[in-house]
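prediction below, plus the sequence it came from.
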Amino acid sequence: MKNKYKIIWLVLFLNCGYFASKLIHFENIPKPDGPYQVGSVLNYWIDESRNEWYLDDMSDKRNLMVQIWYPAKVETNKNEMFYIDKMEQRIKYISKELEVPEYLLANIKNIKSNSFYNAPIVNGYFPVILFSHGLGGMRTQNTIQAEALASRGYIVISADHTYDANITIFPNDSVAFNQSHIDSMPPKDWLNIRNKQLEFRIGDISFMIDKLEELNSKNKESIFYERLNLENIGVFGHSYGGATSTLSAMKENRIDACLTLDAWFLPLFDEDINKNFNKPFLHIGQISWNDTLNYKKLDVFLKNCNNDYYKYVLKNAKHLDFTDIPHFNSLSQKLKISGKIEKKELVKIINEITIDFFGKYIKNQNPFDPYRIAEKYDELILLETNY
């Protein structure tokens, strides 16, 4: 009898992928509600000025896969892009980062974005926002915000930070795996390596701005030729991408404002935290981190902000609630990957803050009333501001 049950469980286990494909469905990401439809293109760029530091011989140049979202004119017969390309190659590495079995993620490949591949750009002159993903993340992990911004007349650009993304897949199908898990190192070595990573990630941000300048002024074949307002540039990022965004805004003169989503400030050197920072800054994150030093570093940084700054927290939110993950399936909540905050409310809050913040400080159009937004949502708390 026992052997009979063992056989039944074995059959069930071997068919997990089949059952998952039939029973576990993922929703498409919420549609943006701006006046424009959204186009998107994917680029393979090589930074000839930098060698790749992760490789043993360090002779290869820095290679990046870069995605750009923009306001578009779309024909009615066009189909939206899938959220993730080449999912068959990615699923193993995404499941590793999320620490869930691959079979539970089988249908991620069916998720569609609201972006149309290579659609014509609308006439206009558009400000630029850059996005930086977290460790083990990917360029599309905050497509909800990218599309929301593009639908309101921004150009949004994001790269897979090579060797920090869960996997980067290049046009010839060669790959770069995540090599960023170094938490077993002694603290001093850990901090030095993390800062070396940050240097490369900041270099990616600056390189993308360089490329946009080239597309805008020199490349007449590009759809972005004379379409970019590079006098107004914002940056935002999640987790390690929040640290990347903060340091990029600190060191890159072409960036005008910075927003961070549950940013990971621990890798920042104290000398950077203690520098005067004179650009608009907003942080929104979970109420607390297990490592309390993270928010202590943020609070020190805010004390050195000489421009408008805002610190929001969201009740019942977890770290990955500040990405697209909670909006695909309630499974993320059941697996405790995401928190208990209702997902429609979650996307409203993060989108409204992102759109209004950049609307004020990049477009110089929208009013940004931090108190009104906090009063509007029960889950949202404005902890600190000098506004």
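Cool, got the structure.

now the element after the host helix or strand of Gln333, going C-ward?
Secondary structure from DSSP states H and E places Gln333 in helix 331-334. The helix or strand immediately downstream of helix 331-334 is helix 343-361, counting by DSSP H and E.

which elements pack onto that next one?
helix 143-150, strand 228-238, strand 257-261, strand 281-286, strand 309-314, helix 370-376 (3 or more C-beta pairs under 8 Å, 6 or more residues apart in numbering; DSSP states H and E). Bear in mind the C-beta positions are built from the backbone N, C-alpha and C, glycine included.

now the last one: buried residues?
Within helix 370-376, the residues that qualify as buried by neighbour count (16 or more other C-beta atoms under 10 Å) are 370, 373-374.

helix or strand right after that helix?
Following helix 370-376 in sequence, per DSSP H and E, is strand 380-385.

output that following strand as PDB, restricted to C-alpha atoms.
Only the C-alpha atoms of strand 380-385 are listed here, as PDB (Å, rounded to 0.1, in the frame of the first residue of the first chain):
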ATOM      1  CA  LEU A 380       0.800  55.300   3.000                       C
ATOM      2  CA  ILE A 381       2.700  57.200   5.700                       C
ATOM      3  CA  LEU A 382       4.800  60.300   5.100                       C
ATOM      4  CA  LEU A 383       7.600  60.000   7.700                       C
ATOM      5  CA  GLU A 384       9.800  62.900   6.800                       C
ATOM      6  CA  THR A 385      10.000  65.800   4.500                       C
END
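
which other helices and strands does it contact?
Here strand 380-385 touches strand 309-314, helix 370-376, going by 3+ C-beta pairs under 8 Å, 6+ apart.

go through those and name the closest to Ile350.
strand 309-314 (8.4 Å; C-beta to C-beta).

thinking again about what came up before, make JSON lines out of the helices and strands packed on strand 380-385 and add mean pLDDT and distance to Asn28.
Converted to JSON lines, the helices and strands packed on strand 380-385 look like this (pLDDT from 0 to 100; distance: least, C-beta to C-beta, whole Å):
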{"stretch": "strand 309-314", "mean pLDDT": "98", "distance to Asn28": "23"}
{"stretch": "helix 370-376", "mean pLDDT": "96", "distance to Asn28": "26"}
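
coming back round to it: nearest approach to Thr246 belongs to which of the helices and strands packed on helix 343-361?
Comparison of the helices and strands packed on helix 343-361 against Thr246 by C-beta to C-beta identifies strand 257-261 as nearest, at 5.9 Å.

pLDDT on the closest one, on average?
In this model, strand 257-261 has a mean pLDDT of 98.

what lines up beside it in the sheet?
Here strand 257-261 has these sheet partners by DSSP bridges: strand 228-238 (parallel), strand 281-286 (parallel).

got the angle for the next helix or strand after the last one vs strand 257-261?
Per DSSP H and E, the first helix or strand lying C-terminal to strand 281-286 is helix 293-303. Taking axes from the mean of the first three to the mean of the last three C-alpha atoms, to 10 degrees, helix 293-303 and strand 257-261 form an angle of 160 degrees between their directions.

figure out how far stretch 154-171 is from the centre of its chain.
Averaging C-alpha positions (C-alpha atoms, centre = their mean, to the nearest Å) puts stretch 154-171 10 Å from its chain's average.

same check, this time on stretch 28-44
So, by C-alpha atoms, centre = their mean, the centroid of stretch 28-44 is 14 Å from its chain's centroid.

next up, the contacts around Ile349.
Residues near Ile349 by C-beta atoms under 8 Å, 6 or more residues apart in numbering: 284, 314, 373, 377, 379-380.

list the contacts of stretch 66-74.
Identification of contacts with stretch 66-74 by C-beta under 8 Å, 6+ apart yields 34, 36-45, 115-116, 119-122, 124, 126, 139-140, 143, 146-147, 149-159, 208, 211, 223-224, 227.

again, only this time at 7 Å
Residues from elsewhere that reach stretch 66-74 (C-beta atoms under 7 Å, 6 or more residues apart in numbering): 36-43, 45, 115-116, 119-122, 124, 126, 139-140, 146-147, 150-151, 153, 155-159, 208.

report the buried residues of stretch 287-303.
Buried-residue list, stretch 287-303, by 16+ other C-beta under 10 Å: 289, 294-295, 297-298, 301-302.

can you list the buried residues in the helix holding Gln333?
331-333.
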